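Asks: pasting the sequence and the predicted coordinates here, then a few questions.
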Amino acid sequence: MGPAGRLLDQALQQAGLPREALYVTNAVKHFKFELRGRRRMHKTPAQREVQACHHWLASEIAAVQPRRIVALGATAARSLMGRTVTITREHGQWLQRPEGPPVLVTWHPSALLRMPREDFDAAYAAWVEDLRVAASADAAR
């Protein structure tokens, strides 16, 4: 949705992941923000909020039964892995959950949009490469 959704669509296309073949959801089902002028700036959910929403995410995973999951951002990764995940250190790697399918962690598109312009191109290329890792793992099945 919005600029982040458009960036995700563009990256998925470049990575060879057709959006219509994917199930996309939010790990936390509400949006906290603070007003900065006329803009609503996203606020990171607290751990208790992530935990409160986890049962909905677990229900979606049980219903969809994905072979693999891509976690876009630290909040999604933390919800899925049950621990803090450092995206800069663990992006592009498959992590095994205690139960369920493996998780590839990478940046959330809004994180890329907040980067300084001079860092964006390299970060975007790395992000698309992470998504290609997901696409190639799916193709290998």
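Replies: Alright, I've got the coordinates.
Asks: from here on, just use CA atoms for contacts and neighbour counts.
Replies: Noted.
Asks: give the contact list for Val105.
Replies: The contact partners of Val105, taken as CA atoms under 8 Å, 6 or more residues apart in numbering, are Val70, Ala71, Leu72, Gly73, Ala77, Ile87, Glu90, His91, Gly92, Gln93, Trp94, Leu95.
Asks: count of residues packed around Cys53?
Replies: 16 (other CA atoms under 10 Å).
Asks: who does the spatially most central residue of the chain bridge with?
Replies: Among the residues of the chain, the one closest to the centroid is Leu72, at 1.0 Å (CA atoms, centre = their mean). Beta-bridge partners for Leu72, by DSSP bridges, are Thr106.
Asks: on the pLDDT front, check it for me.
Replies: Looking at Leu72, its pLDDT reads 94.
Asks: now do Arg117
Replies: Confidence at Arg117, expressed as pLDDT, is 92.
Asks: quick one on the thing from earlier: wouldn't the residue nearest to the centre of the chain be in contact with Val103 here?
Replies: No - the pair Leu72 and Val103 fails to qualify as a contact (CA atoms under 8 Å) at a distance of 10.1 Å.
Asks: quick one: buried residues of the host helix or strand of Ala52?
Replies: If you go by DSSP states H and E, Ala52 is part of helix 47-64. Buried residues in helix 47-64, counted by 16 or more other CA atoms under 10 Å: Val50, Gln51, Cys53, His54, Leu57, Ile61.
Asks: can you pull the contacts of the last one?
Replies: Spelled out, it's Ile61. Ile61 neighbours (CA under 8 Å, 6+ apart): none.
Asks: report pLDDT for Arg83.
Replies: Confidence score, pLDDT, at Arg83: 90.
Asks: quick one, phi psi at Leu95?
Replies: Main-chain dihedrals, Leu95, degrees, to the nearest 10: phi -110, psi 140.
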